[in-house]
Every structure is written in C-alpha cells, then in structure tokens.
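A.B. asks: what's the 3D shape of this:
(4 chains)
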Amino acid sequence: MIIDHPLLGPRDAAEFIYLGDACLIDRPDWQAEDAADAYHDYGYIRDNIAGPMQELWYHEQGDRSWLVVTRDTLTHEITAVELARDVARARGRSK
Amino acid sequence: MSQVNRIKGGLVDRSKSLDFTFNGKSMTGYAGDTLASALLANGQVLVGRSFKYHRPRGILTAGSEEPNALVQLRSGAAQEPNTRATMTELFDGLTATSQNHRGSLEFDLMAVTDLASPFLAAGFYYKTFMWPAAFWEKVYEPIIRASAGLGRLSMQDDPDTYDKGFLHCDLLVIGAGPSGLAAALAGARSGARVILADEDFAPGGRLNSETLEVDGMAGADWAAQAVAELAAMDNVRLMTRTSVYGAYDHGVYGALERCTDHLPGSGGKPRQVLWRIYSKRAVLAAGATERPIAFGNNDRPGIMMASAVRTYVNRFGVAPGKRVAVLTNNDDGWRTAQDLAAKGVEIAAIIDTRDRPAVCDVKGARHVRGAGVVDTAGRLALKRITLTDGQMIDVDCLAVSGGWNPTVHLTCHQRGRPVWNEDLSAFVPGKDLPQGMVVAGAANGNLTLAAALDEGRKAANAQIKDLGFTVSRKAAPKAEDEAYEGAPKWHIPSGKKRAWVDFQNDVTVKDVKLSHQEGFRSVEHLKRYTTTGMATDQGKTSNIPALAIMAECTGKTIPETGTTIFRPPYTPIPIGALAGRARGTDFRPYRLTPSHEWAKAHGATFVEVGNWLRAQWFVKGNEKGWRDSVDREVLNTRQSVGICDVTTLGKIDIQGKDAAEFLNKVYANGFAKLAVGRVRYGIMLREDGICYDDGTTARMGENHFVMTTTTANAVLVFRRMEFVRQCLFPDMDVHLISTTDAWAQFAVAGPNARKLLEKIVDADSQDMSNEGFPFMACGEVTVCGGTPARLFRISFSGELAYEVAVPARYGNSMMEALMKAGEEFGACPYGTEALGVMRIEKGHAAGNELDGRTTAHMLGMGRMVSSKKDCIGWTLSQRPEMMREDAEKLVGFRPVDRSQKLIAGSHFINKGDEATMANDQGWMTSVAWSPSLDHSVGLGFIKSGDTRMGEIVRAVSPVHDTEMEVEIVSAHFIDPEGERLRA
Amino acid sequence: MRYSALRILKEGLTGNKGWKPVWREPEPKAEYDVIIIGGGGHGLATAYYLAKEHGITNVAVLEKGWIGSGNVGRNTTIIRSNYLLPGNEPFYELSLKLWEGLEQDFNYNAMVSQRSILNLLHSDAQRDAFIRRGNAMFLAGADAEYATADQLRAELPFLDFDNARFPIKGGLFQRRGGTVRHDAVAWGYARGADSRGVDIIQNCEVTGFDIENGVCRGVQTSRGPIRAKKVAMCVAGSSSRVAATAGMRLPIESHVLQAFVTEGLKPVLPGVITFGAGHFYVSQSDKGGLVFGGDLDGYNSYAQRGNLPVVEDVAEGGMAIMPIIGRARLLRSWGGVMDMSMDGSPYIDKTHIDGLYFNGGWCYGGFKATPGSGWCYAHLIAKDTPHPVAAEMRLDRFKRGHMIDEKGQGNQPNLH
Amino acid sequence: MPDFTLTAAPPLAGYDRSFGDIALKAPKDLAIVSIALPLGAEDAAKAAIKTAFGIALPEIGMSAVAKDKSTAIMRLAPDQAFVLFPSATPDAEPQIAAKLNGAAYTTDQTDGWCALEISGAGARRALERICPVDLHPDAFAVNAIARTVMEHMGAIVARTGEDTYLLLSASSSAKSFLHAVELSAKNVS
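C.D. replies: Presented below is the predicted three-dimensional model:
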C-alpha cells in the first residue's frame, strides 16, 4: 500500500506502523462519573467498519508523524491523509 | 541423438550449439531454444509423469501455463524441482531429469495407480483409510505422501543468492507482445517513465510465434525494431526474463527478474532479483492462453496446444511431429495447419468441431467437419487418433485449439471478478480492476493483431494523458485484422474413456461429473473436491473447461455456475527470491555495543538480545563452564567492582516546557516534582492498565529529561510516547528524540565503584562524595580530561553503583579506561548473565516478570500508581479482577533442599493437591544460582504471595518430570534494606 | 450412506454411479428450534453436536455462500493444544481430543494427522516461557516435550543450526499436534449434521434479526424470514457486520492473515515447525505442498487479500530457519479475514438479547478449535450454561479485567 | 595530564572503497545536532536558525546548504531538523546551542548515526536495491532528503550532488548498514 503523507508525499505503507481506529484519539475524561464504562468502550469496543474508516498510522521509518488515514477496509482505497495532531486539535484535544 | 525434428527457419541461433542432457542422455540445441523446444527437436516426446495416475506426459504448451513438462533442473544443491521446460532457456551444460516416477521415466512402477483409477475417483480418500484409526499416520499417509508431490528438493541449503529492489515509473507495461510493445512505445514517446516487463527472454510475445506482418515486415522483425527503439530511450526500462507476478494495492506490483537462470552458473551475482514496482499507471498486456478440449485419452505425449505447435515451428524451427492432425473449434486452429504445411510438415487432417466449410486451404489436409476426437492410442507417444465416426488416423502429433482465454490473472489479484463474454466464450477483465490498471490486447479479449496493437497504444495514451503527459502523435503500427471466430466446445463425449481436464492433477470429465453428483457444485467446491486448478499451473488450462462441464451438469450457464478468480503469484516464485538477502546471519541487522571490539578481545561470549549482540559472560583463565565465569563476575562485583556495557537500554531525550507534565502522563508514578539533578524509577502502563515497561528518568534541566527504557521496549515506548504527544496532548510543548546509539553507557557496580570512578571523572566536574552525589543523583560531568559525559547514580545490582555515559565513539576506549582504572581493585567486566543473577538476587522485575500480563498490583507496586493525576492506564488498572486480593504476587523462592536447582517455568501447587490446572497457584518466572548465597534463588508469582512468607509449596515441572518443595520468601535476597546502594 | 473401502470397491466396479450428495439441498422451513448463522467449520460442528450430543435436530445452518467458504477453507490446517492460560488450554485440549476421534465419529476421512508441532526457541527467556507453557499443558492433561538444540539437530538436520542470526536453542514439541485436511472438516460435519436431520441452506444470507422485547425470535434472510427459538451467530470474519444488524458493537477488529503454499514436493517436513524469532510456520500437505504463513498484514481489512511486505517477511523467516527451501516455489497465496479479539482469545457466550448467542473472535486460531467450539457452543445453546472449559470465554471479561492474553500484547488486536 | 585518555573510534572511520562506477566513503568528522522547534515559538526559532547559519529552515524533505557548504540543515519533521557540520570534538551540541541561544531545543546526534557517501554513475542503480524512495532526478532533486528504511534499518538518504548521496543510519548497526550498501554496489557492478 501507498500512503500519501501530507508532508512527504507517497510513501510505502511498510514505513508505517498501524495502530487502529482513530477513535483512540478520543480518550475519555478519567474523572468523569462514567469513566470506567467509557474507558472500557474506548479500550475494547470497536465499530470495525466495513467501508471507509479513519485510522491511525505512525510513520516510524520516516518523520515520526502520527497520521489519520481514511481508508476503505473493503477495497483499501485511501481517500484522505491528515496529521493526527491536527485531527486531535480539531477534536478538542489540547494539553 | 541428433535434432531429428529440427526444421528450417525460426529465431534460434544455429551458429551457437548448446549441449545438454535429459535423464543422462546427451542432446544438442541452439541458443534461443527453450529446454522444451530443444527436447522436441531431439525427438524427446515423453518428458514426465502425471501427479496421481503417473500417466506418460509430453509437452503441452510453449509457455508458463505448462502443466506437464516439469523437470528437475540442474543437480546437487542447485537442483530445482518442478521447473517448466517451456520457460527454461537452454544453456550449455544444462542437465535436466524427469520427475515423479519410480523406476525409469519409460517404465514407471507407480503407473499401476492408473489401472486402479476406477477406485481412485475424485475424493476417494475422504471415504476410506479410516480404520484402524492409528494406521493413518503410520501406514496410509506415508504411502500417499511418498507417491504424491512432484519434484524433489536437494535438502541442501540453496547455494545461490538473491536480491531485491525498488523501481518507480509512470507507466508499467506488463507483457511485451504486440499490445504491450505498442503501449510501451506510446508511453515512452510521450516522455513518461516506462517499464516494460515480459516473462520471456525474447520480447515480442506471439509476434515471434506467428507469420503475421506489422508495418509491412515480419512480426518478429517489427518487435525487434520496437525493442531497439525502446532500449535506446533513457526513460524506458526494458525488463526481459521478468515475470510481473502480483498486483498489490495502490499500483505496487511484484516482479521477478531471472538474472542468471539462463547461464551455467550465477558467477557470484544474485540469481534472481525480486522487484517491487511502484507504478502510477499500468497497462496489462499479458495476452491470452489457449485452452484444450477434453476427449478420450487426450493426455498422451504428442497431443499439444495448436498455438504451441505453431510456436515450435515458427519461432524455434522445430516440428513437433512428422504427421500432424489439428482438432479445433475455432479459426485459429487452422493457422497451425497452414503454418505447418508451409514448412513442409504433413497435415493429416483438420478436425473442426464446427460444421462449416474450410477456413482456408491447407495443402494435402483432410477437413473433417462437425466432428471430434474420441480416443487416442500410443503408450508413450501418440500413434493414432479415433474420430467421432470411428475412423482412425495415424498421427504422431495432435494440435488442439479450444479457443483462447484472456490472461486476466493480474486483474483478479485484488479480488476483481472477470466477466463472461459470450462472443469469445471466455472470461474477460471486469470493471473492478486494480487501481491504475487498464487492460489491452488479447488480455482484454481483443484477440486479433491489429486490434491488439491499436488498443495497446490507445490504452497507454489514455493513461499517460491522465498523468499530464502530452501524447505522441506518431501513428499506430499497421497490421491486418486476421479472422477469428469460434464456437465453444469443452469436451467431446468419449464413451467410457477418460477425458482429462486438469492434466497435472489428473482430473477428468468424470471427476467433474462425480463432484456434481455428490453435491460439490459451487465452483469452489468443485476445485476443492476434485483438485482441479490446484496444480502448479494454477488452472491456467483447466479452470474454464472444468467450469463449463459443471455448467453442463447443472444446466446453468457458465457465469451462473461461477467465476474463478486468480490469486498471486501469476507464476510460482522461489521462496529464496521472496526472502532476498535476508537469510543466515543477514536475516536481520546486528546492533553492536560500543565496547563490542573490547569484549571480543577479552573472552566474551555473545548473546542475541533483540537485534543487539551483548556480552553474556567473559571467560577468564581456565574457566570450564559458563557458570564458573558468571559466579566469578557476580562475586567480584559484589565484593569489589564490576563493569557492564548497558548501552542497549533505550535512551530518549525529552525536552520542552511541558516535559515534566508529559512524563506525569506516561509514567504511572509522579515525575512533575522530580528535582533537577535527580533520577527516579518509574513504571509505565499500557492504557489497559498493564505494566509494560520500567526504567529511570533523570532530570538534567528544568525542561530536559533523559529517559531510559528496557532494551526490548525502546522502540515501543518511543512510539507510544509520540502517540501521547501528538494524538492525546497535541498542545504540550515536548519533543522526543532517541539517543540510544549516541551514548555509550556503562554500569560500574560494587563497593569500589566510587573509588574507581573518582579516577575517571574529572575532579573539577563533579563532587563524587556520597553527599555530593547521593543515590539517585545525576549530572553532566567530564571524564578522562574533558570528554563530556553523563553520570547517574542508579543500581540494578543492588550495589553501590553508577552508570556513566560518554559519546559512543569513545565507548570502546572508555571500557579500556574503566578497566585500567579498576585494575587496582580487581575490577572485572560482567555480562548479561551476571547482570541477570544480580537483579534476581536483588528482586528486581525484568522481562520475564513484565510479560504483558502483569499489573503493578502483582509486582507489589500498586501504590506507586498515582490516583491523583491522569496517567495512561490508571482507569483500566482499577478493574475488579485486576485488584483481587488473591492475585498472583511477585515473591522470592528458595528450594527447601538447598542443593536443588529451581526451574524457571515451574508451576506452584499447594502441598497435598493434585497437579492440575485447577490447583495451579502460580509460576516461577526467573531463577539463578546465587553465588552470594550458594543456593538457587527464584522469583515468581503466586496467589496472595505477599501474605504467605515462609510457606512451603511444590514447584512442579512435568516437562522435566520433576518437582521440588520450595519456600516462599522475600524477593530481596540481598541487602533487603538497600544499605549498599546508598553507601 | 456409510463410507468404507468396500463401498469404494463396489462403486468403482459400477462406474461410481451410486454415490449420493454429501448433504441435501433443502428449502428453508418457516421455523426451527435453532438457527445457526454461518456454514463454516464452527457452525457446522455446532449443528452436528447439537444433533448428536443433545438430540436437537430441528436445526438450520444458514450460509451466505457455499459451506466452508470462510476460514475453514482458507487456513494452514494446523491442530494443537499448546496454550498457556487456564482460560484457553483446557478448551483447546478438549478440541484436540475431539480431533483424535473425529473421523471414526463422523465417518469421513479428514486426514487428521498427528505429525507433531514444534515451536523453536531462540533465547533463555523464551525457554523459560516455553517451559511454563509446557507445564501448563501438562496440568491440563495435554502433552508437551522439551527438546534441546542437539536433539533437534538429530531429528531435523535441515534446520539452520550453524549460520543463524538467531540460533536455535531448543524447542517445545507437542507430538499430538499436527494437521488436518481443512475442507474435509466442513464436509464431514455437514454430512454428519445433514444425516441427522439438520438443514444446511447455502446461498442464504442473513440480513437482520427479529428482536421483540429484547428477545430474538428469528432472522430475516435473502430467502425470506425464518423463525427460531434460538439464534446462534457463528460468522467469524464477519462478526461485527452481522452483530451490527442486531445493534451490537463487539470487542473485535477484522484483519487479514495471508497463507501460502508451494508447488508439490516429495516429503521434506515431518511435522509443523514454527520459528520463534520471526514470522514463519510451515507444514507439508499430503499432496506435497509446503503450507506456510506468518503474521497478520496488520491493518483492519475485510478484503480477503494481502500485500507484499508480509509475503516477503514470511519468506525471510522461512529462509532464516530452513535455507533448503530457497528453490521451492510459492505457488499460491490467499488471505482470510480474521475476527481479531481484543486479547487474542475467543468468545462463546450468550448476548444481552435473549435467545441470541455469539461465537467469534477466533483470531487466526479458529481452525484447530473447530470441534471444541462446536462442542461447547452446542452445550451453551442446548443448556443455556457455558461448558466448563469455555467458561472464561465471555464477552464481559474486559469489564471485569479478566483478560485471556496469551501473547501479553494488551488491547491491540493486530499484535495478537 | 589525566591518567586516562579516550580515543574516538566512530564505526566506519576511514572507510573508502570503489566498486566499478560506484564509490563509497565514510565522511570524516561529521557532526549532527538535532533541533526541535518549541511549540508556539516556531517563528522565533526559525529566525534564530536564519541568523545562526545564514540559511532558512528548509521545507520538510529538503535540506538547505550554507553558501560555504560548511553547514547543512535537513528538515526531517514539522518540528525537527538536523544540523550537519564538520567538527571533530565532542561538543557539537553546545556549539549549536550557543548559536541558537535558547530559541530551540538541541540534542547531540553525532554519535547516534553512521554516515556513508555513495557516488558515481552507478550510485542510483545500487541504491535501487535497498532504498524504497524514488531517487530519479525528476522525483528527488539535489538537496532532497528522505527518511526511510533499508534492509530493516532506518536510514536517511540525502542527495548532495548530481550523482552523490549521503546516507545516515544508526551507529550501532553501522557494520550491517555498510554490508547492505556494499552488497548493493557489488551486485550491480
């Protein structure tokens, strides 16, 4: 597979390490009332989408960026690649 | 044997004779021959035996689809089983032997299976060999295995080397036949970067095998001219002997280039190179494969594909027979008759299954309309054929044309499904092609020359135009569109005679019918039950006929019955080539510690630790076994001082205004308040609350930390910290960079460690007194007269200990300096084994304890996990079953009988209980012989271990058929109060 | 129809005209006692044991395509019970014992071949872990045998003992492990279930569940609605997709695992061999092909095909331990979609919906589990209590913090 | 005079060999210091870099070379760059830190890497065997850089001239890296 890195251009997916669903960015509040349930779902329950899925890839043999790649799990077609840091900020993560 | 079947003409070089042997017989061929053409030239019709019935077999095709002519090529370690004679370029000194027979090729004892064939129908083995149960492995299976299989591995290490590589192009053209050449020319003339690959050694495809003309010249000449033009362009890479075997995601193709297979030896160069081709676009111009027709005894040597017969005559100047008949269901078969007749080969008859007038005149040939062949005769070679009406014709070669299948393989590699084309009676590429691929020419169902040339050019032009190139205006090559018409005929009813569908796996029409009768009607069931298409040719000649016969049985159309798709590789690829250089000690790179050379020169035995090589122990004097060395190193260190290269521990440089807060997130225990100049031990949890790494982190400055990780987890910790930094807390100002290799780091441990280091550390750079540099202090110092260094007062051994780091280039020299400085104290180097013994004596957890299932609670560090801050893993670490009172806890163990040696991996069973899983109390993780205590010591996890001190349990190891009584003790065997390390 | 050598003789002499379909092709009935969704190995085994062990024969197995088209038809055919943890080992040992008597039980030769499985080890820490595992196997009634490097050299001289990057330091055998002709398992169970009255319905895709007041009453299919007292999912590879139609989200990710086979060769390997310092395991089929595999491709996928880097990685592992296979050619590769669970262990459990049962999450180890899975799932469906050896294979184990994590990799499915 | 003196022994020191039209050479005394741009203060850091080296921080995937060729800056990641310059003494980091005066975080990387220069008409042909990145002149201009993986080893490839490339890889595996590059050169020459 080829991942079109937003900063570096197309690179072989073999340079990357895969983590999984980009929902892992949405780490729950540890002090919330329902933290135990929220962390269970965060840690263990997956949509496991058959179709376009946002997922986390790490460019370990490259610039060390974490990326959010939108890839169809049925066809492997990639339609978007973003820096995970930008996505995380857009989803409200900060310090 | 002389070349009895060699006729004039062809593309072979008659000035270069090549000697070779087949089954020990000396033969001669010419440069430009394949082994198959040379065998035919020498009159060798019988070349192998079939898989199941050991039927005599001859050459069927002239390409990579060959199911029969598989030989053992070369000899000794270089022996290569199952090699297609049709794809083997002849070289001087080639040796080949036939395979899969007991006794000689001519008198194969295993041919008795053919007589038993009524009892060996498809799937017979599922219905028998079940009694008695124990006989399967001992009796039936060995017999089956010995008779199955085809060729034989040499059982010696592959003597050749392989390489790999990466290529990039705008346009990849697969196949250098007419459409491929037209495509490559169009692409190249536009300036695009083009790769043209073909599995043959001579580009040109069918142009080399036909008598058709292009641009007014012989097809082969036009191909040579096109190749010359391409070869002269520096934006073109022309790759012959290269099979593009797989289409992978996003335009990546796998290709195998056979670099030295056509030579007597590899001359020290890689035999083959496995290329990964990154293409923006691709044109698949793989041509088409002719398919056989099933009829009674259609597998005899001498029965060949009509197009292959043409190839042997036109390209190789070899007549596969003296008196030839043609069986065809289409116009193309007539061309074989025409071409052969033109070369003076006698054509006995043209049997057209269609009831229609002659397609053309063929001198002296009888035209039999609307008929077929129902039987053949000749034990080891074809002698006679019997037609539908019973008449018999004596021939030594029967050329069969059942129409053409576009070579759609690569279009299916991403599970694209070909679609049925009624006009061609064949599957053609569907719409769901791999990204960036278009198909042209015969592969796309355009079976005529002019159409192929035209489509190749147009396909390439469309592709490169899309990429922004300006299309060349040069006109398309001109050729006649020869007639092509056919009517499907899959098999000719032949009474009780067996009619082969899959030649290699011996699947007949009857087997397909039986499969239907027993309910295996889905095309996948058919393949699996009968083994059709599972042979080394992957069903290139058999899949469609089998499917068609199943369709007849079910009364459905072929597309209703099913579609078979193809998986990579297109043709089989040696495992050696797929592995490339990665074998033996080159399997993975070695990482060497900075003091590696010193260690090598001082008696070190090395051990693989991940990719690192570390000194395991150092043999001194007359030490006989490793225990002698390790015991000495431990005692020497505990009594005086020892030195160990610990560079392999991961080191991560962490800087930023938020670095301290960041560490608070990634460590379970607090780091924000760590003072500058101090070190702290920390444990890291995964988000699921399990401990996965531990180490120390030193605060070098307000915004600057240096973290150490375990050797094994260095990369993983870095990756996870980058995740936390970029994905969870993207607004923290924190920056990570690995410095593992940058610093050579040495542990200096033992009561004399300070005295030793006082000689190394420049006095003006650091006060080395216990007060000036206490336990868990760190600092930037200089050593040996000004070399910058880092000093940490940390201890893994439990002794007064330091770790000192210098830039790695000084590592080897630093080891020498430390040893020299330690001479007066009797300092010794120690290896990983002594390191392990000392950490077990001290009760420190390491890899064996942190196996990815361990909680801080189990380690007795539950209270270190701070509940006052948000750290990775806190919430999930609090789940009820992870906090159980009776969880397995890390404790120490010693044998009740002190002379006994503990066994790591033993399980604990309470006294009096049976050794069952239900009674399992825990397990021993690490053991060592403690030279300090003179008995074996162990660490392990046992239920509620922290409350069971002094209890005696059994440590059982049924793998060793042994058990012993052990006492539960504190894990801290040495200096439990930690006085030594603070001294 | 009973299969035997005599029968083959008879049929052979009469043109093989008497063989009957191995299973019927019935039309679906309006209602069944139990519907099993998924005609793979596990689903067919469940139906077989429901009928044979529990006398429940009013059962339909609904299969979207052709039976055996899932992972039972695309795996590397290995059977073994060399697990470590109490949540797993007794289950896999039950399964292995069932394999041992399977062919006589269902009168179909699935070529269960206990040719042994060997896990090579390359470090002291690995040895400690393997000894622990071997001992756990013994505690659960299984067999294990530790072999030193010298013993291995005598038995398997073709392994690379002298020039290896990661020298072979020993290995753990399970002599009772081995291989089975995978497709035949599906066919044998289908034949056994069918002959006891189970309806095996191919080309029947389940498109939804009829759930009324929290109780599952049946399914919607491409061939119309079918009612049932109990509905059992058994669709590993598609679990998340099927469960989603019942409104469930699962602790599962779908990943591709590739497998490979070489051209046929005369006997090379005695049993199954697994590399301990890279990704490679191999056995030789009765037809002579070396059947081998390695690691997952590593990313979520439903595509049933793999990519090149893993092919190369696996070949590298092969050449690292047995450089005699350099000239053996890879003939075919294929990719199966794995239900990768969050701790690497499977689920056999009731769901929160009454009458709806779940079996899945088999990762890449489902084939060897086929008889045990069918046995325990049938037990659960028939008795509504888990079978003792599968009692820990629950969906709620992550809430409780009781993971069954053989590899110690945590909640990242592609690492299991 | 101290009692003990340390001598430097970088892993590939002095290496210099040719294989046909390919030359391999380990550059001498190449110092490498990483620069990290502080979050929120990137502009100040960039200005400080410009002032310190007389060259602007290049785009990611490129390097910038000072007029006198003494210093090159490789931009490896959004917030990370390497400064490469000749220095034989183990004080590369303080040298750079002093120039940047606290505007960026610096870490000494000199000893973390081994460097190998490959040049000659066949250089690209040899690299084709191990480097997944497209090094065709149209795709990889002079001064382009890429961090990638070669034969299981992380590596940085920089095009420093028409047919000259500088390769960096981890110093601990320097011997294996050299072996990989040498073998590539041998296999194509």
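
A.B. asks: and the closest residue to chain C within the stretch 151-300 of chain B, how far is that from B:Gly268?
C.D. replies: In the stretch 151-300 of chain B, the residue that lies nearest chain C is B:Asp158 (2.6 Å; CB to the nearest CB). To be clear about C-beta, it is placed using only N, CA and C from the backbone, and glycine gets the same treatment. With distances defined as CB to CB, to the nearest Å, the gap from B:Asp158 to B:Gly268 amounts to 15 Å.

A.B. asks: which ones are touching C:Asn135?
C.D. replies: C:Asn135 makes contact with B:Gly905, B:Ser906, B:His907, B:Trp923, B:Val956, B:Ser957, B:Pro958, B:Val959, C:Ala144 under the criterion CB atoms under 8 Å, 6 or more residues apart in numbering or on different chains.

A.B. asks: out of these, which is most surrounded?
C.D. replies: When neighbours are counted as other CB atoms under 10 Å in any protein chain shown, the busiest of these turns out to be B:Ser906, with 30 neighbours.

A.B. asks: Need the three-state assignment for D:Ser176.
C.D. replies: Under DSSP: H, G, I helix; E, B strand; the rest coil, the three-state class of D:Ser176 is helix.

A.B. asks: That one: neighbour count?
C.D. replies: Other residues near D:Ser176 number 22, with proximity taken as other CB under 10 Å.

A.B. asks: likewise A:Tyr42?
C.D. replies: One way to gauge burial is a neighbour count; for A:Tyr42, by other CB under 10 Å, it gives 18.

A.B. asks: Looking at chain B, which helix is longest?
C.D. replies: With residue count as the measure and DSSP state H as the assignment, chain B has helix B:449-466 as its longest helix.

A.B. asks: again with chain A
C.D. replies: Secondary structure of chain A read by DSSP H shows that its longest helix is helix A:35-44.

A.B. asks: re the thing from before, between B:Asp158 and B:Gly268, who's got more neighbours?
C.D. replies: Applying other CB under 10 Å to B:Asp158 and B:Gly268 shows that B:Asp158 carries more neighbours, namely 26 against 10.

A.B. asks: Wait, the more buried one touches C:Ile324, no?
C.D. replies: Yes. With contacts defined as CB atoms under 8 Å, B:Asp158 counts as touching C:Ile324 at a distance of 7.0 Å.

A.B. asks: any bit of the helix or strand harbouring D:Leu168 sitting next to chain B?
C.D. replies: Here D:Leu168, judged by DSSP states H and E, is contained in strand D:164-170. Yes. With CB under 8 Å from any CB of the partner chain as the threshold, strand D:164-170 lies in contact with chain B, specifically through D:Ala170.

A.B. asks: Okay, now the sheet partners of that strand, with direction.
C.D. replies: strand D:113-119 (antiparallel), strand D:153-161 (antiparallel) (DSSP bridges).

A.B. asks: Could you count how many residues lie near the nearest residue to C:Trp19 once chain neighbours are set aside?
C.D. replies: With CB to CB, 6 or more residues apart in numbering or on different chains as the criterion, C:Trp19 has its nearest non-adjacent residue at 5.3 Å, and that residue is B:Glu518. Using other CB under 10 Å as the criterion, B:Glu518 is surrounded by 22 other residues.

A.B. asks: hey, where'd the helices end up in the stretch 301-450 of chain B?
C.D. replies: Secondary structure of the stretch 301-450 of chain B (DSSP state H, counting those that start in this stretch): helices at B:306-314, B:332-342, B:449-466.

A.B. asks: ok and the second one relative to helix B:306-314, angle-wise?
C.D. replies: Counting by axes from the mean of the first three to the mean of the last three CA atoms, to 10 degrees, helix B:332-342 lies at 20 degrees to helix B:306-314.

A.B. asks: Mean confidence (pLDDT) on helix B:332-342, please.
C.D. replies: Per-region confidence: helix B:332-342 scores 96 on mean pLDDT.

A.B. asks: Domains in chain D, by residue range?
C.D. replies: The domain map for chain D lists D:16-27+D:112-188, D:30-110, with the assignment taken from automatic domain parsing.

A.B. asks: Deepest in the core, which of those is it.
C.D. replies: The highest mean neighbour count among the domains of chain D belongs to domain D:16-27+D:112-188 (a mean of 21), with neighbours defined as mean count of other CB atoms under 10 Å in any protein chain shown.

A.B. asks: and it, how far from the chain's centre?
C.D. replies: Taking the mean of its C-alpha atoms, domain D:16-27+D:112-188 sits 11 Å from the chain's own mean (CA atoms, centre = their mean, to the nearest Å).

A.B. asks: Which secondary structure state does B:Glu687 sit in?
C.D. replies: Note that with three-state DSSP, the state of B:Glu687 is coil.

A.B. asks: List, one by one, the residues from chain A near chain C.
C.D. replies: Counting by CB under 8 Å from any CB, the residues of chain A near chain C are A:1, A:12-14, A:18-21, A:40, A:43-50, A:53, A:55, A:71, A:73-76.

A.B. asks: make it 10 Å
C.D. replies: By CB under 10 Å from any CB of the partner chain, the residues of chain A that approach chain C are A:1, A:12-21, A:24, A:36-37, A:39-51, A:53, A:55, A:57, A:69, A:71-76.
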